[in-house]
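S.K.: predicted model and sequence follow; I will ask about them next.
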Amino acid sequence: MIPKNIPEITLDDLKSLIENKVSESRTLDYKVALNFDKPRGKAEFVADVIAFANTQGGDIIYGVNEEEGIPTDIVGISIENPDALKSRIENIIRDTTIPRVQGLQFRFIHLEDKKFVFILRIPQSLFAPHAYRDNHLLKFYARNVSGKYLMDYHELKIAFTFSGSISERARDFKMKRLMEILSEGVTKLTEKDISNSPYLVIHFIPLGSLVKNINLDIFQVYNVLKAEKLLFEFTYRYNIDGLQFPYQYGEYYQIYRNGIMESVSTNIFRTLENGLPYIAGYGAEANIFQDIGRFIKISQVLNLLPPFIVMISLLRVKGYYIYWGNVLHYPSKDDRKGINRDHVHLPEVLINEYDEDLEELLKDPINAMWNAAGYAHSVCYPPDGTRPCRDKYHKIT
């Protein structure tokens, strides 16, 4: 793999590979041509991508001649429309890999006319092993210094075991943090005593944070967020965990050194005139969409790659109702609604790309929150399939 962020790779970097005779390896492959118009070429292309994803990731450089793995000259390949090629590759990978390989990065270096060198960067996958779906067969590939090969039984067994442990690590982190929040409270982080309040807690976990040694430079994180105008509208402070943004109304945001992000809020929990405690439904949904949308934007500027797992929890909510602000959902003690357990853990969400449709992805956890309070669905997800909140409470700014 070329040791640079892919947008920064230049033609000089490619010439340096030739001058220094940098050979093919587990993380680097040279191809003189790109051809997936025929089934065999398409199968070879997908197998190459899967092999990198199932091993250590790496770069495939198209448009470079090689002899016995040593690059000899830059010839380029003809590309009519780089954006169209990118879309075509994404569609091929989506349709032929199980589970789908995520996080591909593209770099097109122009040579002349319609000639380009095309670099495809494949990250080491957190959901390995991936397979190529060849009719009714699944073929698993990995990579060594000699190239790709079919994985054997023992390699597959190890890969499946490791993949399952990643989700467990994410849940373990979440539960550890929830226990700390419940036992220690967050009073010291805010200007309001909320130590015994209910909480809405969101954990946004780049799965790479669980398997890679990510250690963000927190001072640099602050500078990047300031430059990109992504700072939270609150004060901030450095802490042992990373960078924190406490807020006077009983909430805070935390960016951990390993890239994990957390938000805690209490301002959606209120009391009706009849004395019943309730969750402001519109406020809860708006908070969830705004926080997750912001976490995705922060991940992009910090180069934290998908996939991300989102975990949403409601703590100390037994006896709480959900109220939207209209007669239809005005709660009373006689309607047999209300949350009947102390803590509610909503269904997890996996975000595979930065630009996924959050309203569709968050449908299940949002509806589950309303289910917990005795309702069939959220006001924002009616059975007719319309999305009345898309440009209002579910709008990402």
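M.R.: Great, that's in hand.

S.K.: C-alpha only now, for contacts and for neighbours.
M.R.: Fine.

S.K.: quick one: the helices in the stretch 101-250 of the chain?
M.R.: 153-184, 208-211, 218-227 (DSSP state H, counting those that start in this stretch).

S.K.: export these to JSON lines and tack on distance to residue 135?
M.R.: Output for the helices of the stretch 101-250 of the chain, formatted as JSON lines (distance: least, Cα to Cα, whole Å):
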{"stretch": "helix 153-184", "distance to residue 135": "20"}
{"stretch": "helix 208-211", "distance to residue 135": "31"}
{"stretch": "helix 218-227", "distance to residue 135": "46"}
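
S.K.: hey, which of these is tucked in deepest?
M.R.: Highest mean neighbour count of the helices of the stretch 101-250 of the chain: helix 208-211, a mean of 18 (counted as mean count of other Cα atoms under 10 Å).

S.K.: straight-line length of stretch 125-132, end to end?
M.R.: Length of stretch 125-132, first residue to last, Cα to Cα, to the nearest Å: 14 Å.

S.K.: could you pull up phi and psi at the residue nearest in space to the middle of the chain?
M.R.: Centroid check for the chain by Cα atoms, centre = their mean gives residue 308 as the closest residue, at 2.4 Å. Per-residue torsions, residue 308: phi -120, psi 140 (degrees, to the nearest 10).

S.K.: for residue 319, find the nearest of the helices of the stretch 101-250 of the chain.
M.R.: Nearest of these to residue 319, taken as Cα to Cα: helix 153-184 at 17.6 Å.

S.K.: helices or strands next to that closest one in the packing?
M.R.: Applying 3 or more Cα pairs under 8 Å, 6 or more residues apart in numbering; DSSP states H and E, we find helix 153-184 packed against helix 208-211, strand 308-315.

S.K.: and the first one, what does it pack onto?
M.R.: The reference is to helix 208-211. Judged by 3+ Cα pairs under 8 Å, 6+ apart, helix 208-211 is in contact with helix 153-184.

S.K.: chain center to the helix it packs on: distance?
M.R.: 16 Å (Cα atoms, centre = their mean, to the nearest Å).

S.K.: next one: stretch 42-51
M.R.: That offset, for stretch 42-51, works out to 24 Å (Cα atoms, centre = their mean).

S.K.: repeat for stretch 210-220
M.R.: Centroid displacement of stretch 210-220 relative to its chain, using Cα atoms, centre = their mean, is 16 Å.

S.K.: nearest residue to the residue nearest to the centre of the chain other than its sequence neighbours?
M.R.: Leaving aside its sequence neighbours, residue 308 sits nearest to residue 206 (Cα to Cα, 6 or more residues apart in numbering; 4.4 Å).

S.K.: contacting residues for that neighbour?
M.R.: 259, 260, 304, 305, 306, 307, 308, 309 (Cα atoms under 8 Å, 6 or more residues apart in numbering).

S.K.: just how off-centre is stretch 241-261 within its chain?
M.R.: 18 Å.

S.K.: gap between the two ends of it?
M.R.: The stretch stretch 241-261 measures 11 Å between its terminal residues, going by Cα to Cα.

S.K.: just the buried positions in that stretch, please.
M.R.: By neighbour count on 16 or more other Cα atoms under 10 Å, the buried set for stretch 241-261 is 242-247, 250-261.

S.K.: who's in contact with the residue nearest to the centre of the chain?
M.R.: Residue 308 sits in contact with 204, 205, 206, 207, 350, 351, 352, where contact means Cα under 8 Å, 6+ apart.

S.K.: in strands, which of these appear?
M.R.: Counting by DSSP state E, those place 204, 205, 206, 350, 351 in strands.

S.K.: gap between the last one and residue 218?
M.R.: Spelled out, that is residue 351. Residue 351 is 24 Å from residue 218, by Cα to Cα.

S.K.: name the SS class of residue 270, please.
M.R.: strand (DSSP: H, G, I helix; E, B strand; the rest coil).

S.K.: right, and it touches residue 284 too?
M.R.: No: using Cα atoms under 8 Å, residue 270 makes no contact with residue 284, being 11.5 Å away.

S.K.: picking that back up, CSV for the helices of the stretch 101-250 of the chain, including mean pLDDT and distance to residue 121?
M.R.: What follows is those, written out as CSV (pLDDT from 0 to 100; distance: least, Cα to Cα, whole Å):
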stretch, mean pLDDT, distance to residue 121
helix 153-184, 84, 21
helix 208-211, 81, 16
helix 218-227, 90, 24
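
S.K.: before we move on, the earlier item: for the ones in strands among the contacts of residue 308, which one is nearest residue 112?
M.R.: For those, the nearest to residue 112 is residue 351 (37.8 Å; Cα to Cα).

S.K.: that closest one bridge partners, please.
M.R.: Note on residue 351: beta-bridge partners by DSSP bridges are residue 308.

S.K.: sorry, back to before: JSON lines please, covering the contacts of residue 206 and showing distance to residue 61 and pLDDT.
M.R.: Below are these laid out as JSON lines (distance: Cα to Cα, whole Å; pLDDT from 0 to 100):
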{"residue": "259", "distance to residue 61": "29", "pLDDT": "95"}
{"residue": "260", "distance to residue 61": "32", "pLDDT": "97"}
{"residue": "304", "distance to residue 61": "23", "pLDDT": "90"}
{"residue": "305", "distance to residue 61": "21", "pLDDT": "83"}
{"residue": "306", "distance to residue 61": "22", "pLDDT": "81"}
{"residue": "307", "distance to residue 61": "24", "pLDDT": "79"}
{"residue": "308", "distance to residue 61": "27", "pLDDT": "89"}
{"residue": "309", "distance to residue 61": "31", "pLDDT": "91"}
